[in-house]
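K.L.:
got a predicted structure here, sequence first:
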Amino acid sequence: MANPAFPRPDMSGPQPVAAAKVTADAVEAKPLLRTSGGETSDRVFRSAITVCGLAVLGVLGLIVYELVVRSELSWHAFGFKFFTSSEWDPVNEQFGALPFVYGTLVSSLVALIIAVPLSIGVAVFTTEMCPKKLRGPLSFFVELLAAIPSVIYGLWAFFVLVPLLSEYVEPFLSKTFGWTGLFTGPMYGIGMLAAGIILAIMIIPIISSITREVLMVVPQNQREAALALGATRWEMIRTAVLRNARAGIVGGIILGLGRALGETMAVTMVIGNRPEIAKSLFAPGHTMASVLATEFSEATGDTYLSALIEIGLALFMVTIIVNALARLLVWTVTRGQPARGHV
Amino acid sequence: MSDMAAVAATTVVPPISLRRRVTDHVMTGAAVLTVFLVLAPLVAIFGYLVYRGVGSISWSFLTQTPKPVGEPGGGMANAIVGSVMILAIASVIGVPFGIGAGIYLAEFGRNRLGSVIRFTADVLNGVPSIVIGIVGYAIVVLAQHHFSALAGGVALSIMMVPTICRTTEEMLLLVPQALREAAYGLGVPRWRTTLSIVLRSATSGVITGIMLSFARIAGETAPLLFTTLGNQFWNLRYDQPTAALPLQIYVYANSPYDDWHRQAWAGSFVLILLIVSSVAAVRYVVRRGSFGGAA
């Protein structure tokens, strides 16, 4: 074991990876360092800090425990039928969550279809094309989108986006693509499409910042090699940059999906809040998160509350899986790199 | 890569075909277009917010409580104060735990447990805020038997911890190892080194992390819906239902009254100002203060 009393030049420095190794060494060499009898206070400090660390695990455990215990009633009453039935009737205490699951999936899918090309385009532009001076401000502005509270997105969507949709966008879509069946029916502006668009705006900063991070990790010599072989800039980006960063970009997309699945306020304000399954994107819908937002505080009766909490549990599990998957994918690409700001 | 052999054999670079050049330009144009498409909503939202917000804000909005339904006038003073109170509760609980967990990860977390906690924090970051609201409801509201500012504060504090924890860890890891070694060399105990040397050097970065999480929870509405519930009147007690700015915006936006819509815009404007100014103020104090900083 290296002795920290004789620092080697390669042991210090700002690289977190190197620093981490040294910390491990220092722990083992502790007896050398204990000269001032700080053992008791050190032990107290260490336990206090460990408690804080364990609290993070505790919180996750608490979330799981509360959700599972409090949704038991609904689970026993409806079993797996809960997720296949589309009957949502609080008066007769019949609960089926299918319309909400459907609404969550469809609105998130619409959001991804819009957000993915835009986010990747922005990320590619900031890392590969734009002048260096513009790079900082541009990513700052895109990430500013992430700082706007969800309820303000909802407010804007309700008063600006929805009228715009019902007057211009939806008539156009209905005329051009009406034959697909996806864009038919009354054009109120409020509905799945509005929810998908506002979700897209909200997840763009996440996907584009992760993609940017991943693209920056691609070694410079890959780009140089492609260019040296006679590739144009776009061919270089396609073959050397995007292909190398594939896994990380997918991770970013899944992370965005995780956010879209759980997003509540903005969606609640524009989706129409009706538990129906309709093919048309103009039709109103309901999502797992929005039904919690609108009905939870008014839920009367234990079964009703329990059914809502079961929806919360399902939402929680889906986002946990989606997020864990995304983290793993991003890690495989950026591994060994200093971690940067995460959303 | 058969082109490579061809290039090597002739040692003459063949001219780039028209199709490839056009594709290159088209894709560059497409990338520029995406930037405009992404920035357009940002400009639209901020522009509209300022336009509607500034026009709707008034002295009475900032000093009065809501009028009964349908009656014009009144304001959101109670909601502004309520939000500040809830955020204070959340910060008092969330910040120490977040920093503590971050210190654990940076200084003692190079083991299996550390990795598990790190991963958990990242996953916790992705839990939908509405689900955290349910947990706040289950552990505080059901125990107290009524809605309260405390329940909202607890829910929001749960959302603060993962962000603060991970940024604190990152910032502490940026502090040069030599600083720690120097302190140990002088016989400073480990806890003292961590708090007075390592944490101190990383202060500005750690505070940036705190502000990041603060900005994130300040606008959160979903976890407050069934924890603090909202209130039409003044409330300064931690254990009573309390008005909060984001909640009030939501309720007013859903109402059919023009005057309430105006107030919702004014409220949004105040909320954004509250977030931006608190972040700016703390940054200013940190910059001016004696804390240098590795970050």
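P.N.:
Thanks, I have it. For clarity, every value in this text was computed on a predicted model and none was experimentally measured.
K.L.:
where does the stretch 51-200 of chain A have low pLDDT?
P.N.:
Of all residues in the stretch 51-200 of chain A, none has pLDDT under 70.
K.L.:
return the nearest residue of it with respect to chain B.
P.N.:
A:Pro149 (2.2 Å; Cβ to the nearest Cβ). To be clear about C-beta, it is placed using only N, CA and C from the backbone, and glycine gets the same treatment.
K.L.:
and the residue lying closest to that residue once chain neighbours are set aside, how many neighbours?
P.N.:
The spatially closest residue to A:Pro149, leaving aside those adjacent along the chain, is B:Gly219, at 2.2 Å (Cβ to Cβ, 6 or more residues apart in numbering or on different chains). Neighbour count for B:Gly219, taken as other Cβ atoms under 10 Å in any protein chain shown: 23.
K.L.:
would you agree B:Gly219 is in contact with A:Val151?
P.N.:
Yes. Taking Cβ atoms under 8 Å as the definition, B:Gly219 is a contact partner of A:Val151 at 6.5 Å.
K.L.:
next, the closest residue to A:Leu98 other than its chain neighbours: secondary structure please.
P.N.:
Closest residue to A:Leu98 apart from its sequence neighbours, by Cβ to Cβ, 6+ apart: A:Ser86 at 4.2 Å. The three-state assignment at A:Ser86 reads coil, by DSSP: H, G, I helix; E, B strand; the rest coil.
K.L.:
the helix of greatest length in chain B: which residues count as buried?
P.N.:
Criterion DSSP state H: the longest helix present in chain B is helix B:18-56. Within helix B:18-56, the residues that count as buried by 16 or more other Cβ atoms under 10 Å in any protein chain shown are B:24, B:27-28, B:31, B:34-35, B:38-39, B:41-42, B:45-46, B:48-49, B:52-53, B:56.
K.L.:
overlap in contacts of B:Gly219 and A:Val151?
P.N.:
B:Pro246 (Cβ atoms under 8 Å, 6 or more residues apart in numbering or on different chains).
K.L.:
which ones are touching the residue nearest in space to the middle of chain A?
P.N.:
Central residue of chain A (Cα atoms, centre = their mean): A:Arg259, 3.1 Å from the mean position. The contact partners of A:Arg259, taken as Cβ under 8 Å, 6+ apart, are A:Met202, A:Ile203, A:Ile206, A:Val343, B:Gly126.
K.L.:
repeat that for 7 Å
P.N.:
A:Ile203, A:Ile206 (Cβ atoms under 7 Å, 6 or more residues apart in numbering or on different chains).
K.L.:
which residues touch the residue nearest to A:Pro149?
P.N.:
A:Pro149, A:Ser150, A:Val151, A:Ile152, B:Pro246, B:Leu271, B:Ile275 are the contacts of B:Gly219 under Cβ under 7 Å, 6+ apart.
K.L.:
got the phi and psi for the residue lying closest to A:Glu295 once chain neighbours are set aside?
P.N.:
The spatial neighbour of A:Glu295 that comes closest, neighbours along the chain excluded (Cβ to Cβ, 6+ apart), is A:Leu308 at 6.3 Å. Note on A:Leu308: backbone dihedrals following degrees, to the nearest 10 are phi -60, psi -40.
K.L.:
A:Ala299 is in contact with A:Leu308, correct?
P.N.:
Yes. If you go by Cβ atoms under 7 Å, A:Leu308 and A:Ala299 touch, sitting 5.7 Å apart.
K.L.:
and these two? which has more neighbours close in?
P.N.:
Just comparing A:Leu308 and A:Ala299: by other Cβ under 10 Å the higher neighbour count belongs to A:Leu308, 24 against 17.
K.L.:
quick one: pLDDT of that one?
P.N.:
Note for A:Leu308: predicted pLDDT of 95.
K.L.:
same deal with A:Ala339?
P.N.:
44.
K.L.:
could you do B:Thr10 as well?
P.N.:
pLDDT, read off for B:Thr10, is 55.
K.L.:
can you give me the helices for the stretch 201-343 of chain A?
P.N.:
For the stretch 201-343 of chain A, applying DSSP state H, counting those that start in this stretch gives helices covering A:220-228, A:233-236, A:243-262, A:265-270, A:288-295, A:302-334.
K.L.:
and the stretch 1-150 of chain B, by the same measure?
P.N.:
B:2-10, B:18-56, B:59-63, B:77-103, B:112-125, B:129-136, B:142-144, B:149-174.
K.L.:
to A:Ala326, which of these lies closest?
P.N.:
helix B:112-125 (9.4 Å; Cβ to Cβ).
K.L.:
give the other helices and strands that the closest one contacts.
P.N.:
helix A:39-70, helix A:302-334, helix B:149-174 (3 or more Cβ pairs under 7 Å, 6 or more residues apart in numbering or on different chains; DSSP states H and E).
K.L.:
which strands and helices sit next to the helix or strand where A:Ile113 lies?
P.N.:
Using DSSP states H and E, A:Ile113 maps to helix A:98-124. If contacts are counted by 3+ Cβ pairs under 7 Å, 6+ apart, helix A:98-124 sits against helix A:192-217, helix A:243-262, helix A:288-295, helix B:18-56.
K.L.:
okay, these in JSON lines with distance to A:Val330 next?
P.N.:
Below are the helices and strands packed on helix A:98-124 laid out as JSON lines (distance: least, Cβ to Cβ, whole Å):
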{"stretch": "helix A:192-217", "distance to A:Val330": "6"}
{"stretch": "helix A:243-262", "distance to A:Val330": "4"}
{"stretch": "helix A:288-295", "distance to A:Val330": "24"}
{"stretch": "helix B:18-56", "distance to A:Val330": "21"}
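K.L.:
wait, which of those helices is closest to B:Thr167?
P.N.:
helix A:192-217 (14.8 Å).
K.L.:
hang on, the earlier thing: quick check: angle from the longest helix of chain B to helix A:192-217?
P.N.:
120 degrees (axes from the mean of the first three to the mean of the last three Cα atoms, to 10 degrees).
K.L.:
helix B:18-56 vs chain A: in contact?
P.N.:
Yes. If you take Cβ under 7 Å from any Cβ of the partner chain as the test, helix B:18-56 does meet chain A, through B:20-21, B:23-24, B:27-28, B:30-32, B:34-35, B:37-39, B:41-42, B:44-45, B:48-49.
K.L.:
backbone dihedrals for the spatially closest residue to B:Gly152 that is not a sequence neighbour, please?
P.N.:
Of all residues not flanking B:Gly152 in the chain, B:Thr228 sits nearest, at 3.6 Å (Cβ to Cβ, 6+ apart). For B:Thr228, the backbone dihedrals (degrees, to the nearest 10) come out as phi -90, psi -20.
K.L.:
wait, B:Thr228 touches B:Gly153, no?
P.N.:
No. Applying Cβ under 7 Å, one finds B:Thr228 not in contact with B:Gly153, separated by 8.3 Å.
K.L.:
any residues in contact with both of these two?
P.N.:
B:Ile86.
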